Structure formats: C-alpha cells, structure tokens
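# next one to model:
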Amino acid sequence: MFVRPSHRYELSPYTAMMKTKMLKIGASGNSARTFFLLTLDDLLLRKEWGENIQVSAKELDPEADLEVVDLCSDLGLRATLFIPAVVAGMFPEIIRGLSKKNFEIAAHGYRHENLRMPFFKQRHLIALSMNSIRGVVSEDVKGWRSPELYVDNGTLRAIEQSKIQWCSNMVLPLSVRHFPFRSLGGGKVEIPIMSSIDYFMYRKGFTPYKVLGRWLKDLDVVYTRRSKEVFTLLVHPWIQVGRRERIKVLKTFLEKVQSIDDICCLRCSEVIEFSNSTDNAFYRTFLKTATKIQATAMKRQRIWRFFQRVFGYIA
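Model (predicted):
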C-alpha cells in the first residue's frame with residue numbers, strides 16, 4: 001500500500017475566513033454571477049493499471065494526487081472527480097470517503113480507454129464503468145467524461161442510451177458563452193469545458209505562471225459577461241503535484257476564485273438545476289450542432305488536428 005504524503009497546506013487567516021464564506025455561497029446559486037466547476041481528472045491513475053496515461057507509480061505514488069484533494073478540502077471547495085472504474089476498484093475506501101465529503105464521483109472510462117471503437121463496444125464500456133463505480137460508492141453516479149475527451153457519433157448514441165444524466169466532454173473556446181445545454185435525447189445535459197486545460201498548456205511549454213495568467217484572464221472574461229455562465233476548469237492532479245510551482249499556482253488561482261463574492265462553486269450535478277434558466281433554444285441548437293461536428297471530426301485524425309488548431313483546447 002502506498003504511503004500517503006504527510007505534506008498539507010497551512011491556511012492563512014485570510015484563507016480560513018474565505019473557507020467559511022465559500023461554503024455559504026456554494027450552497028445557493030440563485031444570486032451567482034458565475035458558476036465555478038472544479039473538475040479533477042485521472043485521480044490516482046497510473047499507467048501500471050490504466051491505459052494511455054503518461055505517469056508511472058514508480059515516478060509518483062498515486063496517493064500523491066490526494067494533495068490536490070486536500071487543497072480543495074482546506075479551501076472548502078466543492079469539486080467533481082472523474083475517475084476510471086479501475087481506480088475505484090483499487091482504492092475503494094479512499095473513493096468512498098471522498099464521495100461522502102464535498103466531492104462528486106463521476107465516471108471516466110474503465111481503464112481510461114480511448115473510445116475509438118465500434119458503437120456497441122462503447123455502449124458496453126460506458127455501462128461497465130458506471131456500474132463498477134456505483135458498486136464502490138453505493139450511490140448513484142450521474143456524470144461521464146470520455147477519456148482523452150474523445151467523442152464520436154457512436155459515443156453520442158451510447159451516452160443517449162445509457163443511464164448517464166450529464167456529461168462534460170466538449171471543449172469550447174472562450175469566444176463562445178459557456179452554458180450547460182441539453183445535447184441529446186432523454187434530457188442528457190452537456191457541461192462545456194474551458195479551453196485552458198493544464199495538460200495541453202504544459203505540453204506546449206507554458207510556465208506555471210503563464211498558466212495562472214491564462215486562467216485569470218479566462219475567469220475575468222467569463223465573469224465580466226455577467227451571464228451566469230459556467231467556468232469548468234479541468235485539472236489533472238498528477239500534473240499539479242509533479243512540480244511544486246504548479247500546485248502553488250493552482251492554490252493561488254483557487255483562492256482568487258474564492259475572493260469573488262458572486263462566484264458560486266458547485267459540483268457538476270448541482271449546476272444542472274440552474275441550467276434551464278441559462279439556456280435558450282437558439283444556443284442549444286448551436287451547441288448541439290457543434291457537438292456533432294466535433295464528433296464527426298474526431299473520427300478522422302487529420303480533420304481533428306485542424307479542428308483543434310481552429311477551435312483549440314488552448315486557442
């Protein structure tokens with residue numbers, strides 16, 4: 001069994017005060033100007049027991065990821081954890097404990113498989129992943145995010161036929177307003193993701209403080225629009241804890257979010273109850289069309305690379 005790191009952040013008096021404040025404003029979103037959704041992908045996942053993951057347990061103990069979870073707890077932040085089912089099976093007590101706190105557990109594949117496969121296999125894999133995690137946390141698992149954010153038309157059909165209530169697969173550029181929208185039949189809701197994803201930025205050579213600048217700029221744009229948008233931040237704990245500067249930057253950004261009175265921090269399932277008031281028929285039709293275009297583009301690697309450059313994850 002891996003030894004859990006002993007390092008924990010010490011809260012400043014300011015942060016301790018903001019922790020109590022954040023728990024209060026997070027309880028209601030009616031007066032919020034912006035909804036902040038912190039989503040953590042690949043928690044506790046390593047390539048020894050998962051697919052297409054770039055970090056080994058020999059390089060970084062999986063439980064080192066819990067430093068990011070501890071940071072969220074210390075700051076009083078709600079968050080959604082997207083985990084592969086294999087992780088829930090390997091660390092059931094940890095995942096079960098997190099589900100009873102401020103964290104929502106959502107599915108992220110079985111072994112973090114890329115879903116570039118026939119429709120019937122996608123449908124089976126989604127059902128297997130959801131059911132396996134439900135068996136560990138003993139509660140309903142409502143959300144889904146595809147590994148590597150891969151979605152094609154078969155994935156859309158598989159999601160539509162599943163028990164998933166909401167998913168978060170679509171990355172939208174900052175120029176498009178970010179509202180949850182009903183993307184498929186059966187009332188399935190898509191929660192769009194901000195394009196400033198840590199993995200893609202660090203892969204392009206961004207420094208931690210350039211990443212911080214990008215997050216702050218994006219937050220300012222969304223907040224200034226005053227339109228009750230969602231700011232869905234996708235963070236990989238194993239990337240953040242790999243270097244001390246990165247997690248310090250994440251802490252700085254989260255404290256900035258806390259310092260703004262009318263930003264409400266929610267888990268993904270909680271923001272759905274406000275989605276009807278922030279959606280409209282024209283916008284819903286536009287985003288459903290964009291989802292179909294993205295799904296079609298993903299089928300062909302060359303078209304998908306062009307799609308990324310034009311609409312890109314860090315455009």
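# tell me the contacts of the most centrally placed residue in the chain?
Of all residues in the chain, the one closest to the mean position by C-alpha atoms, centre = their mean is residue 39, 3.0 Å from it. Applying C-beta atoms under 8 Å, 6 or more residues apart in numbering, we find residue 39 in contact with 79-82, 145, 168, 193, 232-235, 268. In this view, the C-beta of every residue, glycine as well, is placed from N, C-alpha and C.
# hey, where'd the helices end up in this structure?
Assigned by DSSP state H, the chain shows helices spanning 13-25, 66-75, 85-90, 92-99, 119-137, 153-160, 198-203, 208-224, 237-240, 244-258, 268-271, 275-278, 281-298, 301-311.
# tabulate these (a markdown table), appending mean neighbour count, mean pLDDT and distance to residue 49.
Formatted as a markdown table, the helices of the chain follow (neighbours: other C-beta atoms under 10 Å; pLDDT from 0 to 100; distance: least, C-beta to C-beta, whole Å):
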| stretch | mean neighbour count | mean pLDDT | distance to residue 49 |
| --- | --- | --- | --- |
| helix 13-25 | 14 | 39 | 34 |
| helix 66-75 | 20 | 96 | 17 |
| helix 85-90 | 22 | 97 | 5 |
| helix 92-99 | 16 | 95 | 14 |
| helix 119-137 | 18 | 96 | 13 |
| helix 153-160 | 20 | 89 | 23 |
| helix 198-203 | 18 | 92 | 20 |
| helix 208-224 | 17 | 95 | 28 |
| helix 237-240 | 24 | 96 | 13 |
| helix 244-258 | 19 | 96 | 24 |
| helix 268-271 | 22 | 92 | 25 |
| helix 275-278 | 15 | 46 | 35 |
| helix 281-298 | 16 | 68 | 26 |
| helix 301-311 | 13 | 58 | 27 |
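# could those be laid out in a markdown table, adding distance to residue 55?
Formatted as a markdown table, the helices of the chain follow (distance: least, C-beta to C-beta, whole Å):
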| stretch | distance to residue 55 |
| --- | --- |
| helix 13-25 | 29 |
| helix 66-75 | 14 |
| helix 85-90 | 13 |
| helix 92-99 | 18 |
| helix 119-137 | 21 |
| helix 153-160 | 25 |
| helix 198-203 | 11 |
| helix 208-224 | 17 |
| helix 237-240 | 5 |
| helix 244-258 | 13 |
| helix 268-271 | 25 |
| helix 275-278 | 34 |
| helix 281-298 | 24 |
| helix 301-311 | 23 |
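# tell me which of those helices sits nearest to residue 188.
The closest of these to residue 188 is helix 153-160. By C-beta to C-beta, the value is 6.2 Å.
# rewinding a little: which two of the contacts of residue 39 have the greatest separation?
81 and 193 (15.0 Å).
# who's more crowded, these two?
residue 81 (27 against 23; other C-beta atoms under 10 Å).
# quick check: that one vs residue 173, distance?
The gap separating residue 81 from residue 173 is 26 Å, by C-beta to C-beta, to the nearest Å.
# measure the nearest residue in space to residue 41 that is not next to it in sequence to residue 168 for me?
Leaving aside its sequence neighbours, residue 41 sits nearest to residue 82 (C-beta to C-beta, 6 or more residues apart in numbering; 4.8 Å). Using C-beta to C-beta, residue 82 is found at 8 Å from residue 168.
# then residue 213?
Taken as C-beta to C-beta, the span from residue 213 to residue 168 is 24 Å.
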